[in-house]
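In: sequence first, then the predicted structure:
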Amino acid sequence: MPIYEYRCSSCGAQDDVIQKMSDAPLTKCPVCGKETYSKQISAAGFQLKGDGYYVTDFKNSGSKPAAVKSE
């Protein structure tokens, strides 16, 4: 499930909320109770670590295989 960042425009409270993509967005601020709570646009935060990712799978070896000429 994705993590959404919410912020209240009245009191400034911020929180990260785990929700299903199909869930309705939250509107009521849990701190002040006003209906001014909204989703914020934020970058996805993930990092690929360990063996088997970019460095080993997609790294350009610097040489291309020779083209085979067919006659």
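Out: Sure thing, it's come through. Numbers count the residues shown, from 1 in each chain.

In: show me the contacts for residue 11.
Out: Residues in contact with residue 11 (CB atoms under 8 Å, 6 or more residues apart in numbering) are 29, 31-32, 34. C-betas here are computed from N, CA, C, even on glycine.

In: most neighbours out of the residues you listed, which is it?
Out: Per-residue neighbour counts (other CB atoms under 10 Å) across the contacts of residue 11 peak at residue 29, which has 21 neighbours.

In: surely that residue meets residue 17?
Out: No. Under the criterion of CB atoms under 8 Å, residue 29 is not in contact with residue 17, lying 11.9 Å apart.

In: picking up where we left off before, for the contacts of residue 11, give me JSON lines that also has pLDDT, secondary structure and distance to residue 40.
Out: Output for the contacts of residue 11, formatted as JSON lines (pLDDT from 0 to 100; DSSP: H, G, I helix; E, B strand; the rest coil; distance: CB to CB, whole Å):
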{"residue": "29", "pLDDT": "95", "secondary structure": "coil", "distance to residue 40": "13"}
{"residue": "31", "pLDDT": "95", "secondary structure": "coil", "distance to residue 40": "16"}
{"residue": "32", "pLDDT": "95", "secondary structure": "coil", "distance to residue 40": "17"}
{"residue": "34", "pLDDT": "95", "secondary structure": "coil", "distance to residue 40": "17"}
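
In: I'd like the residues you listed as TSV, with distance to residue 41 appended.
Out: As requested, the contacts of residue 11 are arranged in TSV below (distance: CB to CB, whole Å):
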residue	distance to residue 41
29	18
31	21
32	22
34	21
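
In: quick check, nearest of those residues to residue 10?
Out: residue 34 (4.7 Å; CB to CB).

In: do you know the pLDDT at residue 41?
Out: For residue 41, the pLDDT comes out at 87.

In: model confidence over stretch 10-27, on average?
Out: Rounded mean pLDDT across stretch 10-27 is 92.
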